[in-house]
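Asks: Provided below are the primary sequence and the corresponding predicted coordinates.
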Amino acid sequence: MTSPNFDAPAASAQAAAPLRFDGNPVRVLVVDDERSLTDLLKMSLRYEGWDVRTADDGRSAVAVARDFRPDAIVLDIMLPDFDGLEVLRRVRADGSEVPVLFLTAKDSLDDRIAGLTAGGDDYVTKPFSLEEVIARLRALIRRSAIGQSAEPVIRVGDLTLNEDSYEVSRAGEPIELTATEFELLRFLMRNPRRVLSKSQILDRVWSYDYEGRQSVVEIYISYLRKKIDAGREPMIHTVRGAGYMIKAAG
């Protein structure tokens, strides 16, 4: 997978970063024994404006949680010493009600129920898109009493996208999108007037270990254009040799 090319975030994306009531960035602990995954999540979340720490096993996760006092935890179930369920049990035993998003390669109903029954708040299964993890964390923070109230609606010109209801409309007209189209549009709209390369889009919208060719980005951009721009002044633009950009029409 091509490593993300993280440029300086656009002002609008930076302004949308969730904040604590004291005005400081929301703190997130990422726990996984795959170093490449924790590094990628740390980079992505810091790019979004979050304060991030990582741990690669259960014991260090509990220690970091006690010291760092995160506002949310991204927690892999399978760890080398004891599992994520035990990590959560020990964190809860310390009196913390921090929201927990489980990561797991397992997709059986029993595993999902076990995580939620243990006190987890949400889960995603591997492979996953970075945008999905970020969106679910934002939703957890909004539902908690930790962060400042964050508006779930992103607007670029007359185009709106609701991250909670997954509704999209342009000039008030509803637009139906598939899950992947929605993630792609969300990434574009979080970075208005910023050119995003195919490599960046692949890394952020498709799964973290996705090995697909960049042609899939061209295909999904064409799908979006047919739904977003058809019969209207275009908002999605190709910057030849560089990538794609979305900006308000006119």
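Replies: It's in.

Asks: please, where are all the helices along the chain?
Replies: 11-15, 35-47, 58-68, 84-93, 109-117, 130-143, 179-189, 198-205, 215-228 (DSSP state H).

Asks: which segments of the protein make up each domain?
Replies: Residue ranges for the domains of the chain, per the TED database: 27-145, 153-246.

Asks: before we move on, the earlier item: for the helices of the chain, which one sits closest to Met245?
Replies: Closest approach to Met245 among these is made by helix 179-189 (7.7 Å; C-beta to C-beta). In short, each C-beta sits where N, CA and C put it, glycine included.

Asks: what does that closest one contact?
Replies: If you take C-beta atoms under 8 Å, 6 or more residues apart in numbering as the criterion, helix 179-189 is touched by 129, 131-132, 135, 154-156, 159, 161, 163, 166, 168, 177, 196, 201, 204-206, 220-221, 223-224, 227-228, 236, 244-246.

Asks: one step back: go through the domains of the chain and pick out the most buried.
Replies: For the domains of the chain, the largest average neighbour count (mean count of other C-beta atoms under 10 Å) is found in domain 27-145, namely a mean of 18.

Asks: residue with max distance from the center of the chain?
Replies: Gly231 (31.2 Å; C-alpha atoms, centre = their mean).

Asks: roughly how far apart are it and Val30?
Replies: 43 Å (C-beta to C-beta, to the nearest Å).

Asks: again with Val168
Replies: Val168 is 29 Å from Val30, by C-beta to C-beta.

Asks: average pLDDT for stretch 59-75?
Replies: For stretch 59-75, mean pLDDT rounds to 96.

Asks: end-to-end on it?
Replies: End-to-end distance for stretch 59-75, by C-alpha to C-alpha, to the nearest Å: 13 Å.

Asks: where in the chain is pLDDT low?
Replies: Residues of the chain meeting the criterion pLDDT under 70: 1-17, 106-113, 115, 145-151, 208-211.
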